[in-house]
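Novice: Please find the sequence and the predicted model below.
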Amino acid sequence: MPDHVKYMRGYHMPPEPCFDWVRKEYIDAAPKWCSVDLRDGNQALVIPMSLDEKLEFFKKLVGLGFKEIEIGFPAASETEFELARTLIENDMIPEDVTIQVLTQAREHIIKKTFDALEGCTTPVIIHVYNSTSVAQREQVFKKDKEQIKRIAVEGAKLLKELTESAGRDNYRFEYSPESFTGTEPEYALEVCNAVLDVWQPTPEHKAVINLPATVEMSSPHVYASQVEYMSKNLRYREAVEVSLHPHNDRGTGVACAELGVLAGADRVEGTLFGNGERTGNVDLVTMAGNLFSHGVDPLLDFSDMPSIVEMYERVTRMEVNPRSPYAGQLVFAAFSGSHQDAIAKGLAWRDEHDPEHWTCPYLPIDPADVGRRYETDVIRINSQSGKGGIGYILEKNYGYVLPPKMREELSYASKDVSDHAHKELAPEEVNAVFHDTFVNHDGRLQLLDFHFAPASDNASFKAFLTVKLDGVEQDAAGNGNGRLDAVCDALAKLGVKARIATYSEHALERGSDSRAAAYVGIDGADGGIVWGAGEHHDIITASILGLISAVNRAQA
Ligand SMILES: CC(=O)SCCNC(=O)CCNC(=O)[C@H](O)C(C)(C)COP(=O)(O)OP(=O)(O)OC[C@H]1O[C@@H](n2cnc3c(N)ncnc32)[C@H](O)[C@@H]1OP(=O)(O)O
Ligand SMILES: CC(C)C(=O)C(=O)O
Ligand SMILES: [Mg+2]
């Protein structure tokens, strides 16, 4: 019997059709975000974060703009408890930031949680949970539906009593029917409504009902329907924030969160880069980036992604995947020729036609908006690259504006180097290939000296050259309409034939001491063009050196 037959779909559809979310095309405003990095993310680490690491992470989250941060499970360990105490005793919680703490619905755990919060004057969400799924009821708790509901209700009552007896109006409550995605929606609704009946939330003092995909068990549209059902049928709806807490077991955590928001959720709990149990929690960097890329303010600041990645990797000892949306090392990189060509043209088109908007092919957002650099992060060169990319790299890094046909030839030369060395070429290596192949190229002919004089008609030039040809120093003179024509004529007197097919030049830097580059194409024996480039402070010298490079390459 094949192995797959032991698996079954373990989710439950709502008892009524809940597909209104299908008609909503996009999310038009950011949900409330709650970071659970310091709790759900932390509980999934091989080595949970130390107090100092958690404090650094907390400060970073505040800096990124998170207004709700689950700081931990204070009853779990001394470090978790100490984090709450340190933040509270050192007044480290900004007034507009709500800390959240997680507790099981067990008396001693709840009491310990309240101890951890002693003296906190800033807003707090106390988050209580118990499992409600069929599997957990049967296998773990061995309790029926009523008994499981009682755990939730007793926990909710204790939260309310302890809060009231301590006179804490800065505390709000959150309830999670843990393993919601394996729970019959109508039963999850019954439990949540029973908890809300205890708390009696008001629009001024809202409760949070969090709907965790503790284990992601279905395609995202099923989760969206479950969320819509809850959102439509919860009591006190005006006084409830419906929150999502997707995990990523099927790799669709972000899709669940996005469809869940379309289905009526107000809030999303998740982590940076999707750290969390097993395959992780929903990745808030991706979800916020997706909003941003649609022109919606995500209300989170990811403008310095490299520093966020650096901190995250250091304190969690996890790695951000190079393909992680908006953040990975390679997510803006284009190696392949046609992509590079389109990006280079798209960027130029934007500069000229519509600098206000971002429509560049292949780049869903402007890499600069997340602190990435075009010069190093976007166009990258290997054996898959083409002339557009090569041209871009040389222009942006070194100022060379090669004629298109010359770019093409350089791209084949670079491809070859990359292919044989089996590696990426850094911009300086591309520059080296350019110089080795085309610039001031040695060969049979070497320029030793030159000067020009006007011809007798005053409309053309006379060139006087001293060159070394095959190791022998020789002088030659020639006439031409332009200086380079006159040089060609002089070379012809020495038996070196060169007919200029194309020529361009430009300054490489501004200022009086600037260098210039000249690109010279001469007719090749096979009917094609042979290219050479010259580089010198003096533009005429650069041009002659370019011509001599081309001649040497043609005769090599
Ligand atoms: C999906 C999630 O991420 S949920 C959060 C998970 N995170 C964590 O568990 C990390 C922190 N947890 C811990 O450090 C520990 O579990 C503690 C300190 C909270 C509790 O420790 P212990 O009491 O030793 O162990 P444990 O958590 O295994 O307790 C299991 C018991 O609590 C019950 N229980 C578990 N969760 C809950 C809950 N949410 N509400 C009520 N009872 C619960 C179990 O049924 C079991 O009962 P039993 O003793 O009658 O068999
Ligand atoms: C505690 C709950 C919300 C949780 O982390 C989960 O169900 O994944
Ligand atoms: Mg979780």
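Specialist: Yep, that arrived. Ligands and ions are numbered 1, 2, ... in the order given.
Novice: Now for the closest residue to ligand 1 within the stretch 351-500 of the chain: which residues touch it?
Specialist: Residue nearest to ligand 1 within the stretch 351-500 of the chain (C-beta to the nearest ligand atom): V370, separated by 29.5 Å. C-beta here means a position set from N, CA and C on the backbone, and glycine is covered the same way. Contacts of V370 were listed using C-beta atoms under 8 Å, 6 or more residues apart in numbering, and they are 289, 302-305, 326-327.
Novice: For the buried ones among these, write the corresponding PyMOL selection.
Specialist: Only the buried entries of those go into this PyMOL selection, using 16 or more other C-beta atoms under 10 Å:
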select buried, resi 289+302+305+326+327
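Novice: farthest-separated two in the contacts of V370?
Specialist: Pairwise distances across the contacts of V370 peak at 13.9 Å for G289 and D304 (criterion: C-beta to C-beta).
Novice: on that earlier part again, quick one: the residue of the stretch 351-500 of the chain closest to ligand 1 and ligand 2, what's the gap?
Specialist: 28 Å (C-beta to the nearest ligand atom, to the nearest Å).
Novice: Next, that residue: phi, psi?
Specialist: Phi and psi for V370, reported as degrees, to the nearest 10, are phi -120, psi 30.
Novice: and what of V520?
Specialist: The phi/psi pair for V520 (degrees, to the nearest 10) reads phi -120, psi 130.
Novice: that older thread, what's the closest non-adjacent residue to the residue of the stretch 351-500 of the chain closest to ligand 1?
Specialist: M305 (4.1 Å; C-beta to C-beta, 6 or more residues apart in numbering).
Novice: quick one: contacts for that neighbour?
Specialist: By C-beta under 8 Å, 6+ apart, the neighbours of M305 are 285, 326-327, 370-372.
Novice: Closest to A556 out of these?
Specialist: Nearest member of those to A556, counting by C-beta to C-beta, is R372, at 40.9 Å.
Novice: what about the closest one, how many residues close to it?
Specialist: By other C-beta atoms under 10 Å, 20 other residues sit near R372.
Novice: Tell me if it really is in a helix.
Specialist: No - the assignment for R372, made by DSSP: H, G, I helix; E, B strand; the rest coil, is coil rather than a helix.
Novice: Which residues are in contact with the closest residue to V46 other than its chain neighbours?
Specialist: Closest residue to V46 apart from its sequence neighbours, by C-beta to C-beta, 6+ apart: R317 at 6.8 Å. When contacts are counted by C-beta under 8 Å, 6+ apart, R317 touches 45-47.
Novice: got those as TSV, with distance to ligand 1 and secondary structure columns?
Specialist: As requested, these are arranged in TSV below (distance: C-beta to the nearest ligand atom, whole Å; DSSP: H, G, I helix; E, B strand; the rest coil):
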residue	distance to ligand 1	secondary structure
L45	12	coil
V46	15	coil
I47	15	coil
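Novice: State the number of residues packed around the closest residue in space to E319 that isn't next to it in sequence.
Specialist: Leaving out its chain neighbours, the residue that sits closest to E319 by C-beta to C-beta, 6+ apart is E313, at 6.0 Å. Residues near E313, counting by other C-beta under 10 Å, number 13.
Novice: Is E313 in contact with S324, as I believe?
Specialist: No - using C-beta atoms under 8 Å, E313 is not in contact with S324; the gap is 11.3 Å.
Novice: Quick check: phi and psi on D369?
Specialist: phi -70, psi -20.
Novice: Near ligand 1, which residues of the chain? Just list them.
Specialist: 40, 43, 73, 75-76, 104-106, 109, 129-130, 140-141, 151, 178, 214, 277 (C-beta under 6 Å from any ligand atom).
Novice: Pull out the buried members of those.
Specialist: 40, 43, 73, 75-76, 104-106, 109, 129-130, 151, 178, 214.
Novice: Check which helices and strands the helix or strand hosting E174 sits against.
Specialist: Under the criterion of DSSP states H and E, E174 resides in strand 171-178. Here strand 171-178 touches strand 124-131, helix 145-166, helix 185-199, strand 207-213, going by 3 or more C-beta pairs under 8 Å, 6 or more residues apart in numbering; DSSP states H and E.
Novice: so V320 sits right up against P306, yeah?
Specialist: No - V320 is beyond contact range of P306, at 10.2 Å (criterion: C-beta under 8 Å).
Novice: For the closest residue to S324 other than its chain neighbours, which residues are in contact?
Specialist: In space, S324 comes closest to F273 once its chain neighbours are excluded; the distance is 5.8 Å by C-beta to C-beta, 6+ apart. Residues near F273 by C-beta under 8 Å, 6+ apart: 283, 285, 309, 312, 318, 320-321, 324, 327.
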